[in-house]
Structure formats: C-alpha cells, structure tokens
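Asker: coordinates only, sequence not included:
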C-alpha cells in the first residue's frame with residue numbers, strides 16, 4: 001500500500017482524528033524488525049543535519065522585518081502594524097521568537113498551532129475580531145477532528161476548541177487533506193539510517209577496548225561447556241582493560257573495523273545530503289556537501305539570492321498570504337522584508353545605490369533612508385559645496401520619504 005493511501009486510511013478512521021505523529025506511525029508499519037532508532041519529530045532533532053536545516057530556515061525567517069501595506073493610487077504605502085505582528089504572544093513572546101517557533105514547527109511537522117486568546121475590535125472575514133494575541137502550543141499536544149478537507153474541532157491537551165479559536169498554519173499540503181504533511185515522516189527512513197549508524201558506532205566502540213572477534217583453540221576441538229568457560233574468562237579479562245592470559249593453543253583474531261567504519265562515514269555523509277533535500281536547504285549551507293562536489297558563487301548576495309528563490313521564498317510567500325488573510329483587514333496586506341537576507345557587501349551596496357540614483361530610479365533621500373541615515377542637513381550640503389565647488393547634492397526634504405524601509 002502506498003504512503004498516501006495509508007495517510008487516507010488513517011485519516012478516514014471512524015474516530016477521524018489525526019495527530020502530528022500519525023504519519024510517522026505509518027512509516028513504522030513498513031519498518032523491518034530488529035534493533036533500530038525510533039524516529040519521531042523530537043528524536044529527529046538528535047541528528048545534526050535535521051537540526052541545522054530547521055535552525056537555518058527558522059533563524060532567517062525570524063529575522064525578516066514584517067511590514068504592513070495598502071495600495072493608495074496604485075502605490076504601495078506602509079501603514080502601522082497591528083499589535084499581533086509586534087508582540088503576538090503578549091509581552092512574554094516577541095515577534096522574532098514567535099516567527100522562529102512557528103517556522104520551526106512548519107518545517108519539521110508541516111503545521112503550527114496556537115490559541116487565539118485576545119481579539120481586536122477590527123472585524124475579520126469570519127465576522128469576528130481579528131486575532132490580537134496567539135499563544136503557541138506544542139505540536140505534539142494537538143489532534144484534529146475533521147470531515148473530509150474541513151477541520152471541525154481541534155483538541156489541545158484534552159480540551160476541544162472550535163477552528164476560529166485556533167491559529168493554524170500549514171505547508172507541504174496536498175489536495176483534500178486539511179493538514180500539512182510532515183517532512184520528518186517522509187525522511188524517516190533516511191534519518192533512521194543515519195541515527196542507526198550513530199547507534200552502531202556507540203555500540204561498537206562502547207563494547208570494550210577490543211572489538212568483538214574470534215577466539216580459536218588451534219590444538220583441539222572443544223565442547224560447548226569449555227567454549228562457554230573460555231569466553232567468560234576472556235570477557236572478564238578484557239571488559240575492564242585487563243590482560244588475557246592463554247597458552248599456545250589459543251588464538252584470538254579481532255574483527256577489523258575498517259570496513260564498518262567506512263560504511264558508517266558513508267552513511268553519515270549521504271544521510272546528511274538526503275536530509276538537506278527533504279528540508280529544502282542546500283547541503284553546502286549546513287556544511288554537508290558531498291565530497292567531490294563544489295558550488296561557486298560570485299559573492300554572498302548571489303548565494304543568498306539563489307537560496308531565497310529556490311528554497312525559502314515559497315515558504316515566505318505562503319506565510320505572507322496567511323498573515324494577510326487572518327491578521328489584517330482588507331485592503332491591507334503583509335510582506336516579509338527579504339532584504340535582510342540579501343544584504344550585500346558595503347562596496348557592492350554602494351555601487352548599486354549609485355547606479356539607481358544615476359538612472360533616476362532612486363532619489364538620494366531614499367538611498368539615505370535605506371542606509372538608515374537621516375536626510376542631509378544644510379551644514380552637510382555646505383560641506384559638499386566647499387569640496388566640489390558647487391552644490392553637487394540636490395536639496396532634500398527634512399523628513400524621510402513615507403513608506404521607505406527603515
């Protein structure tokens with residue numbers, strides 16, 4: 001049975017309740033028996049590649065300034081942000097921490113949840129006040145009751161809530177399924193392989209100072225009782241680093257760990273690259289590039305632009321859409337300022353601003369606002385007059401241009 005068929009089978013049970021771990025349970029049904037690491041959304045974090053991918057994406061998204069705009073005569077004009085986009089969790093949780101936590105859950109579990117504990121007086125599209133505070137909840141504490149693609153109830157820590165009382169974002173969606181899919185579930189086999197490689201290494205090197213091997217009597221055939229006594233005597237000696245004493249008739253051959261060590265390293269390397277692909281992060285950004293491959297970029301801005309366009313941009317766009325629909329009133333809309341990710345080196349930034357000014361696409365006052373500098377004063381303009389013999393910098397207003405990024 002295919003993975004998606006199993007998802008539908010679980011979701012259409014009589015109870016019709018799906019937890020954040022259901023997709024991982026599906027993976028376990030196909031898993032072979034034997035000693036293995038149990039992969040969940042939490043245990044996956046033990047893998048350095050999983051942690052690095054989630055940390056990188058959440059870090060970058062959380063540092064993007066959030067702005068609210070509306071169209072005025074066809075122009076984008078910035079307007080004040082509602083309190084929920086400043087301190088969404090009250091005074092205890094600011095917007096950066098809130099964005100980090102929600103992005104972390106979206107990337108590892110495909111969903112994030114929170115309780116709407118305060119509302120504003122502005123009426124939203126559902127006829128209720130827009131959310132004024134959203135207290136996030138643990139991903140593992142949420143179950144969902146649904147009818148087809150419509151969620152009817154959320155159950156959080158044993159208490160049921162109506163959908164309008166719960167903040168729910170999702171990503172990695174498929175048609176007809178009301179929850180986002182968990183990349184950890186689909187990466188479970190790769191993550192498990194790498195975690196099992198770690199477990200193998202701990203078991204191998206933790207067994208004693210000498211790896212397991214063969215103890216052979218070269219002069220005679222021994223019965224089971226003698227073999228057991230010899231094994232116990234040998235184990236008692238080497239388990240605490242003591243010397244094993246034997247005669248000329250015993251020969252010990254330790255099993256060489258070279259092949260197993262090579263397989264362990266190989267599994268770790270390719271496990272990291274596979275995990276990076278599941279989580280939408282180029283492997284070189286988490287120091288997991290495969291040996292023999294190389295990626296060359298002209299500058300850091302070009303590398304960040306590629307990451308934004310190919311990996312992070314779609315997730316940012318979906319979050320902008322969710323915020324615009326649920327947190328602000330029409331015709332206002334929310335944008336995450338990705339310029340924070342595309343910062344150039346000082347020389348390249350100065351040249352770009354100069355080119356825009358020379359081509360009359362950017363005013364000098366706007367350029368100074370982008371550099372977080374106030375407009376020129378009359379004294380500063382006089383300095384230019386003394387240096388260059390004439391006023392080479394046009395007069396500017398005494399206040400920054402409305403809507404210019406700060």
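Answerer: Now that the structure is in, tell me what you want to look at. Note that this is a predicted model, so its numbers are computed, not measured. Residues are numbered from 1 along each chain as shown.
Asker: could you use CA atoms for every contact and neighbour count after this?
Answerer: Fine.
Asker: got the contact list for residue 124?
Answerer: Counting by C-alpha atoms under 8 Å, 6 or more residues apart in numbering, residue 124 touches 130, 326, 328, 329.
Asker: buried members of those residues into ChimeraX, please.
Answerer: Applying 16 or more other C-alpha atoms under 10 Å to these leaves a buried subset, and the ChimeraX line that selects it is:
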select :130,326,328
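Asker: and stretch 337-357, what's buried?
Answerer: For stretch 337-357, using 16+ other C-alpha under 10 Å, the buried residues are 337, 338, 341, 342, 344, 353, 354, 357.
Asker: wait, the first one sits on residue 67?
Answerer: Yes - counting by C-alpha atoms under 8 Å, residue 337 touches residue 67, with 7.1 Å between them.
Asker: which non-adjacent residue is nearest residue 305?
Answerer: residue 342 (6.3 Å; C-alpha to C-alpha, 6 or more residues apart in numbering).
Asker: list the contacts of the one you found.
Answerer: Per C-alpha under 8 Å, 6+ apart, neighbours of residue 342: 301, 304, 305.
Asker: show me what the longest strand seen in the chain is in contact with.
Answerer: Criterion DSSP state E: the longest strand present in the chain is strand 111-123. With contact meaning C-alpha under 8 Å, 6+ apart, strand 111-123 is reached by 102-103, 105-106, 129-139, 142, 165-171, 179-182, 329.
Asker: what pairs with it, and is each one parallel or antiparallel?
Answerer: Sheet pairing here is set by DSSP bridges, and for strand 111-123 it gives strand 129-136 (antiparallel), strand 166-170 (antiparallel).
Asker: list the buried residues for the helix or strand following the shortest one?
Answerer: Toward the C-terminus, strand 166-170 is succeeded by helix 183-186 as the next helix or strand (DSSP states H and E). For helix 183-186, burial by neighbour count (16+ other C-alpha under 10 Å) applies to 183, 184, 185, 186.
Asker: helix 183-186 - contacts with which helices or strands?
Answerer: Applying 3 or more C-alpha pairs under 8 Å, 6 or more residues apart in numbering; DSSP states H and E, one finds that helix 183-186 contacts helix 22-29, helix 95-109.
Asker: check which element follows the first one along the chain.
Answerer: Read in the C-terminal direction, the helix or strand following helix 22-29 is helix 48-62, with elements assigned using DSSP H and E.
Asker: so what touches that next one?
Answerer: 44-45, 95-101, 103-104, 107-108, 272, 275-276, 279-281, 286, 288, 312, 316, 341.
Asker: quick one: it to helix 95-109, angle?
Answerer: 140 degrees (axes from the mean of the first three to the mean of the last three C-alpha atoms, to 10 degrees).
Asker: quick one on the thing from earlier: show me which of the contacts of strand 111-123 are buried.
Answerer: 102-103, 105-106, 129-137, 139, 142, 165-171, 179-182.
Asker: where exactly do the helices run in the stretch 251-400 of the chain?
Answerer: 258-278, 300-307, 313-326, 346-358, 364-370, 378-388 (DSSP state H, counting those that start in this stretch).
Asker: highest average neighbour count across these?
Answerer: Greatest average neighbour count among the helices of the stretch 251-400 of the chain goes to helix 364-370 (a mean of 19), per mean count of other C-alpha atoms under 10 Å.
Asker: what packs against that one?
Answerer: The elements that helix 364-370 packs onto, with contact taken as 3+ C-alpha pairs under 8 Å, 6+ apart, are helix 346-358.
Asker: tell me the angle the helix it packs on makes with helix 300-307.
Answerer: When the same axes, to 10 degrees is applied, the directions of helix 346-358 and helix 300-307 differ by 80 degrees.
Asker: show me what helix 346-358 is in contact with.
Answerer: Helix 346-358 has contacts (C-alpha under 8 Å, 6+ apart) with 343, 362, 363, 364, 367.
Asker: mean confidence for that helix?
Answerer: Averaged across helix 346-358, the pLDDT comes to 83.
Asker: again with stretch 143-153
Answerer: 89.
Asker: can you give me the end-to-end span of that stretch?
Answerer: Distance across stretch 143-153, first residue to last, is 9 Å (C-alpha to C-alpha, to the nearest Å).
Asker: give the buried residues for that stretch.
Answerer: 143, 144, 145, 146, 153.
Asker: what's the most distant pair in these?
Answerer: Pairwise distances across the buried residues of stretch 143-153 peak at 10.0 Å for 143 and 146 (criterion: C-alpha to C-alpha).
Asker: does residue 155 sit in a helix, a strand or a coil?
Answerer: Following DSSP: H, G, I helix; E, B strand; the rest coil, we place residue 155 in the strand state.
Asker: test my guess that it contacts residue 143.
Answerer: Yes - counting by C-alpha under 8 Å, residue 155 sits close enough to residue 143 to count as a contact (5.1 Å).
Asker: what bits of the stretch 301-406 of the chain have low per-residue confidence?
Answerer: 340, 344-345, 389-406 (pLDDT under 70).
Asker: closest to residue 81 out of the buried residues of helix 183-186?
Answerer: Of the buried residues of helix 183-186, the one sitting nearest to residue 81 (C-alpha to C-alpha) turns out to be residue 183, at 32.6 Å.
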